[in-house]
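Visitor: Pasted the sequence and its predicted model underneath.
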Amino acid sequence: MSAPFWERPLETLNQQEWEALCDGCGRCCLHKLEDEDTGEIVHTWLACRLLDCDTGRCSDYANRTRQVPDCLQVNVRTVAEYDWLPPTCAYRLRFLGEALPAWHPLISGDPETVRAAQVSVAGRVVREDEAPDLPLIDFVVDWPGQWPRAARPAARRGPAKPS
């Protein structure tokens, strides 16, 4: 029996399989800032104007690149160059040869496990067109670039902290 498509090399996936690999967390839809001097990229809690902040999903995925011209498409050629993708991203994990975590909908069979594992941006971000008028630096957060504690695979959890 052959391996499930999500375990195969990315370059062997068809378009439908590629799209199904996305866990729908919405982290890639958050605005990022790049330090001009160091190239370091930081995440914000400001989302693209098309993101449904209640679900963490794009409200017009099929037309997103027409509506948001700088929307970046992750594909087998660009996944290597987008090192800003969150560590939880299925495309990044598979590119690095890692397995999908237990909370991924392809493994769990339930799209809500992404939210339960605190990976989804749902309920945690605001769309750029609804954001308060603050300097961009005030929107910077660390969590989109990190593994949530509830989502970490056992090998990433590290030692237990003493009580």
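Guide: Happy to help now that I have it. Numbers count the residues shown, from 1 in each chain.
Visitor: all contacts plus neighbour counts: C-alpha atoms, from now on.
Guide: Will do.
Visitor: Quick one: neighbours of the residue lying closest to G145 once chain neighbours are set aside, just the number.
Guide: Closest residue to G145 apart from its sequence neighbours, by C-alpha to C-alpha, 6 or more residues apart in numbering: P86 at 4.9 Å. Close neighbours of P86, defined as other C-alpha atoms under 10 Å, add up to 21.
Visitor: I figured P86 hits W143, correct?
Guide: No - applying C-alpha atoms under 8 Å, one finds P86 not in contact with W143, separated by 9.4 Å.
Visitor: so I41 touches E34, yeah?
Guide: Yes - if you go by C-alpha under 8 Å, I41 and E34 touch, sitting 4.4 Å apart.
Visitor: Looking at those two, which has the bigger crowd around it?
Guide: Between I41 and E34, counting by other C-alpha under 10 Å, I41 is the more crowded of the two (14 against 11).
Visitor: Could you tell me what pLDDT the model assigned to the more buried one?
Guide: pLDDT recorded at I41 is 91.
Visitor: Equivalent analysis for the one 10 residues further on, please.
Guide: What the model reports for L51 is a pLDDT of 96.
Visitor: what sits against the residue nearest the centre of the chain?
Guide: Residue closest to the mean C-alpha point of the chain, counted by C-alpha atoms, centre = their mean, is R27 at 3.7 Å. The contact partners of R27, taken as C-alpha atoms under 8 Å, 6 or more residues apart in numbering, are 85-86, 120-121, 144.
Visitor: gap between it and L13?
Guide: Between R27 and L13 the distance, using C-alpha to C-alpha, to the nearest Å, works out to 22 Å.
Visitor: now swap in A117 and tell me
Guide: Taken as C-alpha to C-alpha, the span from A117 to L13 is 26 Å.
Visitor: Same check on A3?
Guide: 12 Å.
Visitor: rewinding a little: next, the contact list for the residue nearest to G145, please.
Guide: Taking C-alpha under 8 Å, 6+ apart, one finds 27-28, 92, 144-146 in contact with P86.
Visitor: that older thread, who wins for neighbours among the contacts of R27?
Guide: Neighbour count (other C-alpha under 10 Å) singles out V121 as the most crowded of the contacts of R27, with 28 neighbours.
Visitor: Test my guess that that residue contacts C25.
Guide: Yes - using C-alpha under 8 Å, V121 is in contact with C25, at 6.0 Å.
Visitor: Identify the contacts common to these two.
Guide: Counting by C-alpha under 8 Å, 6+ apart, the residues touching both V121 and C25 are 56, 115.
Visitor: Where does the prediction get shaky in the protein?
Guide: Low-confidence segments of the chain (pLDDT under 70): 1, 154-163.
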